[in-house]
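[1] My questions are about this predicted structure, shown below with the sequence.
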Amino acid sequence: MRDLLARAAELAAGYRDGLADRPVAREADPAALRAGFGQLREAPTPPGTVLEELARAAEPGLVATAGPRFFGFVIGGSLPAATAADMLATGWDQNGFNAVLSPAAAAAEEVAGAWLKDLLGIPATASVGFVTGGQAANTVGLAAARHHVLAEAGWDVERDGLAGAPRVRVVASEERHATIDRALRLLGFGTRAVEPVRAKPDGSIDVDDVGGKVDGPTIVCLQAGNVNTGACDDLRAARAAAPNAWIHVDGAFGLWAAANPKTASLLDGVELADSWACDGHKWLNVPYDSGFVFCARPEVHAGAIAYRAAYLTGAGEVSGMGDLTLESSRRARGFAVWAALRELGRDGVAELVDRCCRLARRFAETLAEGGAEIANDVVLNQVLVSFGDDTRTDALIDRIQRDGTCWLGGTTWRGRRYLRISVSGWTTTEADVDRSVAAILRLAAQ
């Protein structure tokens, strides 16, 4: 086992060492990739042989999302300490369901969770669930909201379900993230429960349109970081407009703005919400998968999610961990999060957020100098870019992805197609931005 894990670490380190120089993505033949993984053998294969075969088979299909020039989907790379901690977590093979199964995993989550709340401006008394990502965080947060607003209306949704329950209004921006809709489907509300609210020109919610939609049991979904523009909703004004509603903040990446003094004002009033969703594998740069759900009422959080079984020692005791997440058998994610926060410190987190915002502005400024149209005010790490009509923009996106210098995706916003640039990686430098801009302008000129 010692030699095997050492070789795995060597292979991983060799891959990471070459990220800055390899094409971000390459053309991959799916049939050839599948063939490279071979057929199921009749006889066992030595573990060392399996490891070498896996490395060879996967290599042609690896995308350098952990590298310095991947600007798609708000994906960060993983920090050195977080990567190493995750490798340790795999070696330790801890089940993160509760403190009975792993006191160390429980302690790491408790400490890292307290640090997260401090950095993000969330009340220290809030509960923290270490989930897989933004989708799970939104789903758990909205499950807690469902539990609370229906209990306030005299209905036990966990016992009686939704059939015959009082109607719950879900007030959300017309520019909400799609994971909100999927969470509503999974929770039995359906997407018709949404009372859509106008968005302002920057993509943030029009708070003036919120108050008239709040009636009876109501959940208001807000955004910290519009997925296209990075704009943040006015959280304080939204609370004033809906004083008795449950307010859930989808802050997959934008919630990290609170950790940087230069952007913290974008999240004024964040502490007034009832639940919050955030990703770790985005701006915190920890390995996949990692997300967080916070709830201002821990008993409501556990009441919506926890379960008991005779054989599960420590279950249903609102102790955190499995009582606050949807998985029973789950990875001990707290180790990597603790390591990332320990490596960066408060100043390092602020600097990482600030640097990504600064590099996003550099993208916008230099592309505009090259003739591109920048569609948004760059308030965080998101840049929308157009070089003309939709057909030309889509063709350019395809050429950029095939070129391999950098990788970015496309999006549709306000009826038009754009290049969508998301700067999230801890290794990205000004030189990476300049190299990427040069490639984009070269390809646009063809």
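    On my side now, so go ahead.
[2] The residue minimising distance to the centre of the chain and Phe73, how far apart?
    Nearest residue to the geometric centre of the chain (C-alpha atoms, centre = their mean): Asp279, 3.3 Å. Look at Asp279 and Phe73: by C-beta to C-beta, to the nearest Å, they are 11 Å apart. All C-beta spots, glycine's among them, are computed from the backbone N, C-alpha and C.
[3] Now the common contact residues for those two.
    Common contacts of Asp279 and Phe73 (C-beta atoms under 8 Å, 6 or more residues apart in numbering): none found.
[4] Okay, and the beta partners of the residue nearest to the centre of the chain?
    Gly291 (DSSP bridges).
[5] what about it, distance to Gln135?
    Between Asp279 and Gln135 the distance is 10 Å, computed by C-beta to C-beta.
[6] can you check Val349 too?
    23 Å.
[7] one step back: give me the common contacts of Asp279 and Gln135.
    Common neighbours of Asp279 and Gln135, counting by C-beta under 8 Å, 6+ apart, are Gly291.
[8] The longest helix seen in the chain: what's the following helix or strand?
    In the chain, taking DSSP state H as the definition, the longest helix is helix 334-369. Going down the chain from helix 334-369, the next helix or strand is strand 373-374, by DSSP states H and E.
[9] Describe which strands that next one pairs with in its sheet and in which direction.
    Applying DSSP bridges, one finds strand 373-374 paired with strand 382-386 (antiparallel).
[10] Which is the succeeding secondary structure element to the partner strand?
    Taking DSSP H and E, what comes next after strand 382-386 is helix 390-403.
[11] relative to strand 382-386, how tilted is that next one?
    120 degrees (axes from the mean of the first three to the mean of the last three C-alpha atoms, to 10 degrees).
[12] With just CA atoms, put helix 390-403 into CSV.
    C-alpha atoms of helix 390-403 as CSV (Å, rounded to 0.1, in the frame of the first residue of the first chain):
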residue,chain,number,x,y,z
ASP,A,390,-24.7,35.1,-32.2
THR,A,391,-23.4,33.0,-35.0
ARG,A,392,-20.0,34.5,-34.9
THR,A,393,-19.9,34.4,-31.1
ASP,A,394,-20.7,30.7,-31.0
ALA,A,395,-18.2,30.0,-33.8
LEU,A,396,-15.5,31.8,-31.8
ILE,A,397,-16.3,29.9,-28.6
ASP,A,398,-15.8,26.7,-30.6
ARG,A,399,-12.5,27.9,-32.0
ILE,A,400,-11.3,28.9,-28.5
GLN,A,401,-12.1,25.6,-27.0
ARG,A,402,-10.4,23.7,-29.9
ASP,A,403,-7.3,26.0,-29.7
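[13] any idea which helix or strand comes after that helix?
    strand 409-413.
[14] tell me the mean pLDDT for that following strand?
    Averaging pLDDT along strand 409-413 gives 97.
[15] Stretch 270-280 now?
    The average pLDDT within stretch 270-280 is 98.
[16] start to end distance for that stretch?
    Length of stretch 270-280, first residue to last, C-alpha to C-alpha, to the nearest Å: 18 Å.
[17] gap between that stretch and the chain center?
    Taking C-alpha atoms, centre = their mean, to the nearest Å, the mean C-alpha location of stretch 270-280 is offset from the chain mean by 13 Å.
[18] Now do the contacts for the residue nearest to Ala99 when sequence neighbours are not counted.
    In space, and not counting its chain neighbours, Ala99 is closest to Ala106: 3.7 Å by C-beta to C-beta, 6 or more residues apart in numbering. Ala106 makes contact with Gly96, Asn98, Ala99, Ser319, Gly320, Met321 under the criterion C-beta under 8 Å, 6+ apart.
[19] surely the third one meets Met321?
    Yes: in this structure, Ala99 is within contact of Met321 by C-beta atoms under 8 Å, at 7.0 Å.
[20] Neighbour count: the two, which is higher?
    Using other C-beta atoms under 10 Å, the more surrounded residue of Ala99 and Met321 is Met321, with 27 against 20.
[21] Now compare the contacts of Ala106 and name the two farthest from each other.
    Farthest-apart pair in those is Gly96 and Ser319; separation 12.2 Å (C-beta to C-beta).
[22] where does the chain dip in pLDDT?
    314-319 (pLDDT under 70).
[23] need the helices for it, in chain order.
    Using DSSP H, helices in the chain cover 2-17, 30-36, 47-58, 80-92, 103-120, 134-152, 157-160, 178-186, 235-241, 298-305, 334-369, 390-403, 430-445.
[24] most neighbours per residue, which of those helices?
    helix 134-152 (a mean of 24; mean count of other C-beta atoms under 10 Å).
[25] More neighbours: which of Gly96 and Ser319?
    Per other C-beta under 10 Å, whichever of Gly96 and Ser319 has more neighbours is Gly96, with 26 against 17.
[26] That one against Ala336, yeah?
    No: in this structure, Gly96 is not within contact of Ala336 by C-beta under 8 Å, at 11.5 Å.
[27] ok, now which ones touch the residue nearest to Ala183 when sequence neighbours are not counted?
    Spatial nearest neighbour of Ala183, excluding adjacent residues (C-beta to C-beta, 6+ apart): Thr139 at 4.2 Å. Shown in contact with Thr139 (C-beta under 8 Å, 6+ apart): Thr179, Arg182, Ala183, Leu186, Leu187, Leu326.
[28] What count of nearby residues applies to Thr218?
    21.
[29] Let me see the contact set for Val194.
    The contact partners of Val194, taken as C-beta under 8 Å, 6+ apart, are Val170, Val171, Ala172, Arg176, Asp181, Leu184.
[30] ugh, wrong one, Ile421
    In this structure, Ile421 makes contact with Phe71, Ala360, Phe363, Gln382, Val383, Leu384, Val385, Leu408, judged by C-beta under 8 Å, 6+ apart.
[31] Tell me, how many residues neighbour the fifth one?
    Yep, that's Val383 we're talking about. 30.
[32] Tell me if I'm right that it and Asn376 touch.
    Yes: with contact defined as C-beta under 8 Å, Val383 counts as touching Asn376 (7.0 Å).
[33] what's the distance between Gly345 and Leu352?
    For Gly345, the distance to Leu352 - C-beta to C-beta - is 11 Å.
[34] Would you list the phi and psi of Pro217?
    Dihedral pair for Pro217: phi -60, psi 120, per degrees, to the nearest 10.
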